[in-house]
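Engineer: coordinates only, no sequence provided:
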Ligand SMILES: [Fe+2]
Ligand SMILES: [Fe+2]
């Protein structure tokens with residue numbers, strides 16, 4: 001996963017040095033990458049730090065709903081694929097924390113912000129995974145939505161983020177396929193299995209559409225991030241692309257979407273869809289989704305249980321440094 005346009009407060013602050021600002025914008029306009037040591041406007045740094053760290057948090061928290069099913073996967077093959085997928089998500093989180101660190105905020109600080117509830121992560125991971133079909137749905141729809149969001153980020157103006165996204169997108173595409181394959185097996189299975197697939201789609205469809213963030217008319221953030229070439233498409237554009245790509249896939253499975261307003265618009269060639277319940281989105285983002293408390297409790301416990309690993313790694317690094325110092329001293333004698 002998974003970026004989500006959650007915060008719309010920051011606007012680009014006028015830069016102290018407009019000449020530097022103009023040079024920066026010219027680089028961006030020429031599609032050149034901005035690298036960690038290049039001058040950048042403070043608001044660009046802030047926006048990216050927030051976006052990349054939220055993205056990293058989403059990858060890490062996103063391991064929880066699927067991790068819930070590793071011990072209950074129906075076959076060895078499914079278990080191996082799910083394990084690999086959840087490990088990939090952990091890896092995505094780590095790449096992204098590293099990319100965010102190049103902007104000057106430490107990983108400890110970002111993790112603290114997540115654990116204290118100050119930082120957000122994608123609203124989608126606050127929904128429960130009630131049946132095995134939810135694992136299929138997450139791959140098919142949640143990773144599918146993530147791909148839609150993330151492919152344009154491979155061209156983001158900030159070099160470390162863009163490069164991390166290229167590898168991540170390749171892995172997301174495997175995630176999407178393994179999810180769709182689970183759905184296909186269920187839909188070709190017994191009537192009960194097909195019913196389970198349908199119920200999972202009914203529960204996840206609207207929360208997945210919310211992953212693209214607020215509607216364009218409520219998101220003031222888009223202009224600046226578009227000018228900086230962080231964002232290439234608006235939330236509504238990406239949502240529409242996703243709906244257009246996904247609806248035929250659902251119909252191929254023989255499933256129906258829980259939206260009576262969903263229909264192919266002959267004039268535009270796009271699938272029109274119904275009104276999203278933004279009050280639910282706001283509630284989940286504000287911490288009151290079905291699983292927010294449980295997710296944060298699990299993350300905090302994981303962080304505390306892993307304290308000995310961080311301490312051991314630190315002690316090892318210090319020991320190695322001391323050994324190197326001693327070797328230099330000996331060589332200098
Ligand atoms: Fe991911
Ligand atoms: Fe994924």
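Structural biologist: Thanks, I have the structure now. For clarity, every value in this text was computed on a predicted model and none was experimentally measured. Ligands and ions are numbered 1, 2, ... in the order given.

Engineer: report how many residues lie close to residue 209.
Structural biologist: A count of neighbours around residue 209, defined by other C-beta atoms under 10 Å, yields 20. No exception for glycine: its C-beta is placed from N, CA and C like everyone else's.

Engineer: how about the helices in this structure?
Structural biologist: Taking DSSP state H to define them, one finds helices in the chain at 18-29, 42-61, 63-67, 76-101, 107-115, 132-137, 143-150, 159-187, 191-210, 222-227, 235-252, 278-283, 292-305, 307-332.

Engineer: okay if I get these as JSON lines plus distance to residue 264 and mean pLDDT?
Structural biologist: Below are those laid out as JSON lines (distance: least, C-beta to C-beta, whole Å; pLDDT from 0 to 100):
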{"stretch": "helix 18-29", "distance to residue 264": "37", "mean pLDDT": "93"}
{"stretch": "helix 42-61", "distance to residue 264": "31", "mean pLDDT": "96"}
{"stretch": "helix 63-67", "distance to residue 264": "32", "mean pLDDT": "95"}
{"stretch": "helix 76-101", "distance to residue 264": "32", "mean pLDDT": "97"}
{"stretch": "helix 107-115", "distance to residue 264": "41", "mean pLDDT": "96"}
{"stretch": "helix 132-137", "distance to residue 264": "23", "mean pLDDT": "98"}
{"stretch": "helix 143-150", "distance to residue 264": "19", "mean pLDDT": "96"}
{"stretch": "helix 159-187", "distance to residue 264": "21", "mean pLDDT": "96"}
{"stretch": "helix 191-210", "distance to residue 264": "17", "mean pLDDT": "98"}
{"stretch": "helix 222-227", "distance to residue 264": "27", "mean pLDDT": "84"}
{"stretch": "helix 235-252", "distance to residue 264": "8", "mean pLDDT": "97"}
{"stretch": "helix 278-283", "distance to residue 264": "25", "mean pLDDT": "94"}
{"stretch": "helix 292-305", "distance to residue 264": "36", "mean pLDDT": "95"}
{"stretch": "helix 307-332", "distance to residue 264": "52", "mean pLDDT": "94"}
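
Engineer: which one, of those helices, ends up nearest to ligand 1?
Structural biologist: Nearest to ligand 1, of all the helices of the chain, is helix 76-101, at 3.9 Å by C-beta to the ion.

Engineer: tell me who's in contact with the residue lying closest to residue 52 once chain neighbours are set aside.
Structural biologist: Spatially, and ignoring its direct neighbours in sequence, residue 52 is nearest to residue 100 (4.0 Å; C-beta to C-beta, 6 or more residues apart in numbering). Residues near residue 100 by C-beta atoms under 8 Å, 6 or more residues apart in numbering: 48-49, 52-53, 56, 107, 110.

Engineer: buried subset of those?
Structural biologist: 48-49, 52-53, 56, 110 (16 or more other C-beta atoms under 10 Å).

Engineer: coming back round to it: among the helices of the chain, which comes closest to residue 272?
Structural biologist: With respect to residue 272, and counting by C-beta to C-beta, the nearest of these is helix 235-252 at 8.7 Å.
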